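Undergrad: with the input below, show me the fold.
(2 chains)
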Amino acid sequence: MTHPDPVEIHDHVYGFRVSAHVPGCPDCADAAERLETERRELRDALAETAVEPPADLLRPRRRAPWVNLAAAAGLLAGLVWLLLPAAPPIPPAAPRADDAIIRLIVELKGPSPLRREIALLALKAYGAQAHAALAAAGVDPAVSAAFMTPSAEDVEKEKILDTLKADYAFENAEASRVLDTLVADTRLPATISDEARRTLADRSVTFKVKDLILRNSLKLFLVQFQLDFYVLDGRLHVGPPRVFMTSRMPIRVCDAEDPGAAALVRELGAADFDARGRAIEALRLLDFAAETALWKGLDAPDLEASARAADLLRDLYDPSPRVAAVPGAKPVDRARPVTVSFEAKPLPAALDALRETLNVNFHIYGVPRPNDYEVTFACREFPTLAALRLMVDSIQLAMSREDGLLIVSSPPPDREASPEEGPFWADPDTARRVNAALAGLGSPEAEADLISRAAAAIGPLRAAARRLPEPARGRARALLIRIYKELDVRLADDPTRSYLASLTPEAIARLDRRVDVDAEDATLPGLLRRFGLTVRTDQPDIRVFTFKVEKVSIRAILDALTRISPRLDWRMEGETVVLDTPGNTRSAVER
Amino acid sequence: MEMAVEAPDDLRDPLALIRRYYGPVLGLARRLLGSAEARDVAQETFARAFARIRDYDPSQPFRVWLFAIAANHVRDLLRRKRAAPLDPDVEDEIPDLSLPPLNAEDRGALLAAVDALSPDLRVVVLLHFQQDLPPRDVAQVLGITPNAARIRLYRALRFLRKELS
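TA: As a prediction, the model looks like this:
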């Protein structure tokens, strides 16, 4: 008799596949019984003793910690749905934005004035998307109304004002009566605010218009009283001008709560001034990775520690853009010709000389001993930016530009000098995608998405490059470099860099070769041919250059000398460098 | 096969649902993440479940849906910690199951061996043996095929037998 293999007996015991053989075969039935015993013992050994849910999960606490609030918030949302099935549904929000909003609403309804204040600030940062949840949770209607924005129906209704035309000829008429007439002509249900009524009270106006659409008539009349109108919730509202909230979401560089955040929050109450300062700075850097700990910090018995946690939370929920102007930045006149001659000149001294000549600000960043870098570079009537590129490349540093400030840094180019810091907020779609991409650093799709959202991704990526563990940190740095290259093009209206798509590993190796150049009225094609490259160009206006530099990469020469007027771009076709206009290059690469 | 007969869940009574499932969710999370985070996971699981109760398909057991939320949350936490590979390539081959069944008398040693399993295997063991979910439901909780659940279960068994032999 042939017995089944152990898999068949396992499948029989675990119910994957019933065996006809096993029950009827004493040996196999015995084996199955032993497996059943094993299964039972495993079940018994792993069985948990009954655990009662904590009381705070079943009953809202006065000061529930963050996680408990999540549970309480969930219960609230569940109960709202169960008890009020006809209530307007909470619109689908970005992942976790809905959870965060519900947590904040629970705080908003809590007893602590401080927590309520911060929760309201945070909800305002999330903006319009919080309105539905606020309304469903039954918070003060005056609060939730501030989050309301015109719906698609409202926008349609407001368009009626563009279709109605009327003539008005009021002379020394009561302003309130003029407004009432205009509002009545809109045929929309209307609310005129008390402030508008007060502003118009006892005022006389002369208001004459002919064949004007109603929208413009209303605008024209109201603007003289610093009033405005909008359609919201199906009604025409007249009152002070109102800026509607937009929806935002935070971009979370590190999604998990930082394990050290709680200890840092405790340090906020340290007696030592320096320790407190270090804790504040560290928590600020953690931004949303310290959010939970900071909320818990609001309950600290030390009032000063609690106040500092509150301040840090206020900063966290400030969604204003984080890109500040670089102090002292001046526009770079990229094409201005420069004549210099440096022989083993220390980098800071070389940059100082250029600073005086060009009136440009430089910043050396992340270069440990700048004086150890000696510049040997000479040029005559050479474009400024091209000279700088060649000079910096020859000492194997990188140069980047930020609002006119030229940053010389160790490669890869690092923008740490910029005052960009978190927290980072963006529109929900962008935030959702950047968050997803940050969580999935390493996948080509995620990285392509980050590059396409470069402007929103740079800050979070820089933070990721500092905070995340390897290999995510390395990927973040590499992505930053790629984005900077792309942005550099876009910001400066430089060539398309379409060549990036045309580079093969062989071409890269050839172009990254470092060479010494001593050029006198040389053309770019001539220079390239000098280094063994085949060049093709139909561009008649090829300029001549005089410069001398050592150990510069051929790619830097191409970059530097095509990014001047008249602008060229380049691409590789096999082993041939093709110099062409940016438009032609883009078309060729796309083909 | 032993079948547990359970009273149907009353979705209109969230507190009863919490009382019924808090312990199982906590037990699952504790073995996957440790005691420190388990309580947060359990509470977050209920928060998410009630916030998204409209997504629940009543034709499925509530606890399967709830465990799926818990497992997803645990998976997120593990991914953020980058603590362990979450979805290693599942071997297509059934492992060698010729080792004799383990002896689970030493509960401490068994729990240590379970804790030594990789998270993707441990969760299968816990859902099946601790939570008494049939393999089909284990697959549904984890969003994998029944065959993948089967292979993971057998890989885990082989590991435990070797550890405890």
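
Undergrad: least confident secondary structure element in chain B?
TA: In chain B, no helix or strand scores lower on mean pLDDT, DSSP states H and E than helix B:35-51, which sits at a mean of 81.

Undergrad: now for it, which elements pack on it?
TA: helix A:66-83, helix A:97-108, helix B:14-33, helix B:62-81 (3 or more C-beta pairs under 8 Å, 6 or more residues apart in numbering or on different chains; DSSP states H and E). Glycine gets a C-beta too; all of them are placed from N, C-alpha and C.

Undergrad: if we go to 10 Å?
TA: Counting by 3 or more C-beta pairs under 10 Å, 6 or more residues apart in numbering or on different chains; DSSP states H and E, the packing neighbours recorded for helix B:35-51 are helix A:55-58, helix A:66-83, helix A:97-108, helix B:14-33, helix B:62-81.

Undergrad: ok, of the ones you listed, where does mean pLDDT dip lowest?
TA: When those are ranked by mean pLDDT, helix A:66-83 comes last with a mean of 45.

Undergrad: pLDDT-wise, which helix or strand of chain A ranks last?
TA: None of the helices or strands of chain A scores lower by mean pLDDT, DSSP H and E than helix A:66-83, at a mean of 45.

Undergrad: relative to chain A, how far out is the residue nearest the centre of chain B?
TA: The structure's chain B has its C-alpha centroid closest to residue B:127; by C-alpha atoms, centre = their mean the separation is 3.3 Å. For residue B:127, the distance to chain A (C-beta to the nearest C-beta, to the nearest Å) stands at 10 Å.

Undergrad: residues in contact with that residue?
TA: Residue B:127 is in contact with B:24, B:28, B:64, B:67-68, B:70-71, B:133-135, B:137-142, B:149, B:153, counting by C-beta atoms under 10 Å, 6 or more residues apart in numbering or on different chains.

Undergrad: is residue A:299 in a helix, a strand, or coil?
TA: Using DSSP: H, G, I helix; E, B strand; the rest coil, the structure places residue A:299 in coil.

Undergrad: just to revisit the earlier point, so which of the contacts of residue B:127 are also by chain A?
TA: B:24, B:28, B:134, B:135, B:149, B:153 (C-beta under 10 Å from any C-beta of the partner chain).

Undergrad: just checking, the second one touches residue B:114?
TA: No. Taking C-beta atoms under 10 Å as the definition, residue B:28 is not a contact partner of residue B:114, at 11.9 Å.

Undergrad: between the two, point out the one with more neighbours.
TA: Higher neighbour count among residue B:28 and residue B:114: residue B:28, with 27 against 22, using other C-beta atoms under 10 Å in any protein chain shown.

Undergrad: skipping adjacent residues, who's closest to the more buried one in space?
TA: In this structure, residue B:28 finds its nearest non-sequential neighbour in residue B:126, 5.3 Å apart by C-beta to C-beta, 6 or more residues apart in numbering or on different chains.

Undergrad: and for that neighbour, the neighbour number?
TA: For residue B:126, the neighbour count with other C-beta under 10 Å is 26.

Undergrad: wait, it sits on residue B:38?
TA: No. Judged on C-beta under 10 Å, residue B:126 makes no contact with residue B:38 at a distance of 11.8 Å.

Undergrad: distance from stretch A:223-230 to the middle of the chain?
TA: Averaged C-alpha coordinates place stretch A:223-230 at 35 Å from its chain's average position (C-alpha atoms, centre = their mean, to the nearest Å).

Undergrad: what residues does the stretch 301-450 of chain A put near chain B?
TA: Residues of the stretch 301-450 of chain A lying close to chain B by C-beta under 10 Å from any C-beta are A:439, A:440.

Undergrad: can you name the residue of the stretch 301-450 of chain A nearest chain B?
TA: Distances between the stretch 301-450 of chain A and chain B by C-beta to the nearest C-beta are smallest at residue A:439, namely 7.2 Å.

Undergrad: quick one, phi/psi of residue 109?
TA: Chain wasn't specified; assuming chain A. phi -90, psi 0 (degrees, to the nearest 10).

Undergrad: chain B was what I was after
TA: Backbone torsions for residue B:109, taken as degrees, to the nearest 10, come to phi -70, psi -40.
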